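Chemist: predicted model and sequence follow; I will ask about them next.
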Amino acid sequence: MAFGGFQSGGPSQPVSEINMIPLIDVMLVLLIIFIITAPLLTHAVKINLPKATSQVNITRPENVQLAIRSTGEVFWNGEPVDGRELQQRLQDAARLAPQPELHLRADAAAEYRHVAKILSLAASKGLTRIAFVTDPREP
């Protein structure tokens, strides 16, 4: 590192100023690295999923029991329904004055796509009170 002035004549004296250019370059590189890596760190979400134990819930008289088997079969209050009939019944239930609760009972081996399809269909018809029914006993 050379210490000296830019004067062509006279004795060379040490410069008492710090050269800031390399420090600025390092800070800009660090800033770019942090800008790039910060969004990657926010996508990792750690969740503690709840256990399947619950207390017995008091069932109101205005409810609909909707069951889904592992094969994708859907049952409305115990009777099998197909896709069109399910849509019509969900639409009729959404129009009732005190809107009934939809109690969704899905088989443990049922694929999530069957459950998601029913949830999406119920929400699109206007049902807002949807509950999942689980077995309160320990596995």
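Modeler: Right, received. Where do you want to start?
Chemist: strands of the chain, start to end?
Modeler: Ranges of strands within the chain are 63-68, 74-76, 79-81, 101-106, 130-132, based on DSSP state E.
Chemist: which one of the ones you listed lies closest to His114?
Modeler: strand 63-68 (5.3 Å; CB to CB). In this view, the C-beta of every residue, glycine as well, is placed from N, C-alpha and C.
Chemist: quick check: buried residues in that closest one?
Modeler: For strand 63-68, the neighbour count (16 or more other CB atoms under 10 Å) marks Val64, Leu66, Ala67, Ile68 as buried.
Chemist: for the first one, what are its contacts?
Modeler: Counting by CB atoms under 8 Å, 6 or more residues apart in numbering, Val64 touches Trp76, Asn77, Arg89, Ala93, Pro100, Glu101, Leu102, His103.
Chemist: burial measure for the closest residue to the first one other than its chain neighbours, as a count.
Modeler: Read that as Trp76. The spatially closest residue to Trp76, leaving aside those adjacent along the chain, is Arg89, at 5.7 Å (CB to CB, 6 or more residues apart in numbering). By the measure other CB atoms under 10 Å, the count of residues near Arg89 is 16.
Chemist: please report how far Arg89 lies from Ser124.
Modeler: Counting by CB to CB, to the nearest Å, the gap from Arg89 to Ser124 is 14 Å.
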